[in-house]
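Asker: just need the structure, nothing else, for what follows:
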Amino acid sequence: MPEIEIRRLCENDIAAVVELEKEAFGKEAWSENDFLETLKLDYAYYVVACKKELIIGSSGLRNLCGEADITNVVVSPKMRKKGVAEFMLQELMKHAAENLGVQSFTLEVRSKNIPAINLYEKLGFVTEGVRKNFYTEPADDALIMWKR
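Answerer: Below is the predicted model:
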């Protein structure tokens with residue numbers, strides 16, 4: 001996606017990312033402080049997707065001994081279904097594999113979020129477990145997916 005730039009999240013990006021999260025996740029969105037604390041972690045790597053310097057998406061991972069937990073996958077509603085999440089996740093995982101020694105990836109997704117599940121399966125993830133009643137507002141189970 002030549003018009004989309006994927007770069008590392010920096011402190012100046014946090015306000016825009018928090019707004020994207022609030023729009024997508026409501027009360028489950030991370031706060032500015034959550035992101036500020038995450039930036040301090042040496043095992044965390046978070047990115048933003050930008051189009052003409054406007055932040056349109058974000059995601060990140062925490063690398064735990066070569067296994068990465070992918071979190072906070074969010075794309076602006078206006079930019080959904082255009083390949084942004086796929087491109088962002090491909091770049092995130094490529095960087096993690098090549099530079100951070102990550103060998104496998106995991107994530108959790110709402111069981112009713114069919115578009116996200118389809119994307120993750122397209123990227124090679126498979127469902128290996130379920131966390132009952134993991135999400136609230138609305139209540140939903142979480143599928144635990146892995147790419148090994």
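
Asker: what's the span of stretch 135-148, first residue to last?
Answerer: 25 Å (Cα to Cα, to the nearest Å).

Asker: quick one: mean pLDDT for it?
Answerer: Over the span of stretch 135-148, the pLDDT mean works out to 94.

Asker: which parts of it are buried?
Answerer: Using 16 or more other Cβ atoms under 10 Å as the burial criterion, the residues of stretch 135-148 that qualify are 135, 140-147. Yep, even glycine has a C-beta here, placed from its N, CA and C like the rest.

Asker: same list (the residues you listed) but as CSV, adding secondary structure.
Answerer: Below are these laid out as CSV (DSSP: H, G, I helix; E, B strand; the rest coil):
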residue, secondary structure
Tyr135, strand
Asp140, strand
Asp141, strand
Ala142, strand
Leu143, strand
Ile144, strand
Met145, strand
Trp146, strand
Lys147, strand
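
Asker: can you list the residues you listed in TSV and add distance to Ala16?
Answerer: Shown next, in TSV, are the buried residues of stretch 135-148 (distance: Cβ to Cβ, whole Å):
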residue	distance to Ala16
Tyr135	24
Asp140	27
Asp141	30
Ala142	26
Leu143	28
Ile144	29
Met145	27
Trp146	30
Lys147	28
